[in-house]
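K.L.:
show me the folded form of this:
(one chain, ligands or ions: 1)
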Amino acid sequence: MRRYPIMAWSLVFIVTTTVAGSARAADTAKMNVLMIDIEDCRADVFGCYGNPICKTPNVDRLAAEGVRFDLAYCQYVCCNPSRSSFLTGLRPHSTGVLSNSDNSREKLPPGTRSLPQWFKGAGFYTANVGKLFHDGGNMNHEDMRAFDRIELQSKPPGWQGPDPILTFPPVPRTADFSPAPKKGTKEYNEYRQRRSDRYGDSGLTDEHEPDGRIARIATALLNEFAANQRHFFLSVGSSRPHTPLICPKKYLDLYDPDKIPMPQAPRELDRGVPDLAVRFGNSADIFMTRKPTPRETREAIAAYYACVTFLDTQLGMVFDALERSGLAHNTIVIFFADHGFHLGEHGHWSKYTLFEQSTRVPLIVRVPGMTPRGAVCREIVELVDVLPTLGELAGIDLPASLEGTSFVPLLRQPDQPWKKGALTVFGNDGGYHSLRTKDYRYTEWQHRGELIKELYDLKQDPWETINLADHPATAEPQKELATLLHAGWRSLRPPAQSNE
Ligand SMILES: [Ca+2]
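P.N.:
Predicted coordinates for the structure are as follows:
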């Protein structure tokens, strides 16, 4: 008689775990997907990533509900190549998109399908608000045609979708609204530089700002999707904190430049760091032709923080809408940036380097019923993994030829051994190669026929100020890192995949 209750409990346990297991797999395929990809945003600007000054309560709230990835890296350090990579699940040398001026669809291998095409093909109602492809209106027509709705983004020829869900009054004309000179002229380049190379008060309200509108449109769409019970994929792309570092004044008022610390890795501290490793020339986007004063440095960092807090506030509206509409329990949320941004480290501003500030990105994922709350994953993942991961969650049968690895196992259990490293490339020929492991960054590039090597011990030197390449004390790790770098991404895959 004593055995009966034990057997019964065992049976209950087996039935429960089996049902829970299969229900979980089925449930994520039935869930909606909200993908938020933001522009030019370094990971360490968020409170949840340890920033003690910048206020980001809404992204922090998402992190408290899901898994925050501490070591997530982009595959290229500017928009078009990074986006072309994570939107196709291919690496930059395979997409062929190696600069912002490349036409993405002309470079991609014929037949390459992109993330919205996969979701459309799987029967999702697909919607896009704001930037997704680098220049979707001009380059990625067939990709944008995979959207049932396109908001605040140019429409591809022949696309026939619903009218805008919201209309806004015209944006007041500020001093920035001088007409643009003809493209390709010297005056046009000077005009672009002038517009980018500034920071401070935009003179606008939240509702006038593109990101204020993006958030309000996304909120309206979520309410509509909830009312119509749509099974949706919604991508939301931001404008900030890309330059110009301008936003409504109330966010700038939160930060006193006098209390902003100077960059922790000024150029003067660099030891053996090649000059050309620092952007291989001038900074980009801001302070392009001159070195900022210490005062300007503090002001620009304060303005970057203000832009991030402004964006965080707008995203808070979207997260609130998700809760209020009842969609939070069956919507997967993934949040990340296309690449990072220097704020004066190594004397550099903007992206276009292979240091942590350019390569590391924020990445937070919440999958209802799967991700532990407030977990931190200290394993290495890459943006090229985003498509395989979302594909697995959504039950989409993706080809084995993709060059990322689904990190769904990390969403369930964030503390298991994963990739040996992340790869990022740079240069119009992709000739600058960088490998980030948990302990080191190792970078190789050619300059005038000479092989330049950089090795940074991230445990001892997190700001990458001491180049240890060819140092006798680090000869052994350097040899291993060089072997891994040359072996390529397949050699870096998680233990279960690396033998395939
Ligand atoms: Ca970007």
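
K.L.:
C-alpha only now, for contacts and for neighbours.
P.N.:
OK.

K.L.:
show me the contacts for the residue of the stretch 351-500 of the chain at minimum distance from the ion.
P.N.:
Using Cα to the ion, K351 is the residue of the stretch 351-500 of the chain that sits closest to the ion, at 8.5 Å. By Cα atoms under 8 Å, 6 or more residues apart in numbering, the contact set of K351 is D40, V77, C78, R279, A284, H339, G340, F341, H342, Q357, S358.

K.L.:
against G316, how distant is it?
P.N.:
The gap separating K351 from G316 is 26 Å, by Cα to Cα, to the nearest Å.

K.L.:
one more: P263?
P.N.:
Applying Cα to Cα to P263 and G316 gives a distance of 29 Å.

K.L.:
same check, this time on L98
P.N.:
34 Å.

K.L.:
T389 too?
P.N.:
When distance is defined by Cα to Cα, T389 is 25 Å away from G316.

K.L.:
remind me which residues of this structure are low pLDDT?
P.N.:
Confidence mapping of the chain against pLDDT under 70 gives the ranges 1-26, 174-178, 276-282, 497-500.

K.L.:
same drill for L98 and G316, tell me which one is more crowded.
P.N.:
More neighbours surround L98 than the other of L98 and G316, with 29 against 19 (other Cα atoms under 10 Å).

K.L.:
right, and that one touches P92 too?
P.N.:
Yes. Here L98 lies in contact with P92, judged by Cα atoms under 8 Å, at a distance of 6.3 Å.

K.L.:
what touches both of the two?
P.N.:
P81, G430.

K.L.:
G89 is in contact with S82, correct?
P.N.:
No. The pair S82 / G89 is not scored as a contact, 10.5 Å apart, by Cα under 8 Å.

K.L.:
returning to that earlier point: let's see which of the contacts of K351 end up in helices.
P.N.:
Those of the contacts of K351 mapping onto helices are Q357, S358, per DSSP state H.

K.L.:
which one of the contacts of K351 is nearest to H486?
P.N.:
Proximity of these to H486 (Cα to Cα) peaks at V77, which lies at 19.7 Å.

K.L.:
quick one: that closest one and G427 touch, right?
P.N.:
No. Look at V77 against G427 with Cα under 8 Å: they stay out of range, at 9.3 Å.

K.L.:
who's more crowded, the two?
P.N.:
V77 (31 against 16).

K.L.:
quick one, what contacts that one?
P.N.:
V77 sits in contact with H339, G340, K351, Y352, T353, L354, S358, T359, T424, V425, F426, where contact means Cα under 8 Å, 6+ apart.

K.L.:
so what's the residue count around the last one?
P.N.:
Summarising burial for F426: neighbours were counted as other Cα under 10 Å, giving 22.

K.L.:
how close does it get to G369?
P.N.:
38 Å.

K.L.:
distance of V33 from Q416?
P.N.:
25 Å.

K.L.:
what do you get for L152?
P.N.:
From L152 to Q416 the distance is 40 Å (Cα to Cα).

K.L.:
neighbour count: these two, which is higher?
P.N.:
Higher neighbour count among L152 and Q416: L152, with 16 against 13, using other Cα under 10 Å.

K.L.:
check contacts around the closest residue to the ion within the stretch 201-350 of the chain.
P.N.:
Residue nearest to the ion within the stretch 201-350 of the chain (Cα to the ion): D338, separated by 5.4 Å. Listed by Cα under 8 Å, 6+ apart, the contact set of D338 reads D37, I38, E39, D40, C41, C74, C78, C79, S82, R83, V361.

K.L.:
neighbour-wise, which of the residues you listed leads?
P.N.:
C74 (31 neighbours).

K.L.:
I'd like to know how far that one sits from the ion.
P.N.:
Distance, C74 to the ion, using Cα to the ion, to the nearest Å: 11 Å.

K.L.:
give me phi/psi at the residue nearest to T112 when sequence neighbours are not counted?
P.N.:
Nearest residue to T112 in three dimensions, chain neighbours excluded: T88, at 7.1 Å (Cα to Cα, 6 or more residues apart in numbering). Phi and psi for T88, reported as degrees, to the nearest 10, are phi -120, psi -10.
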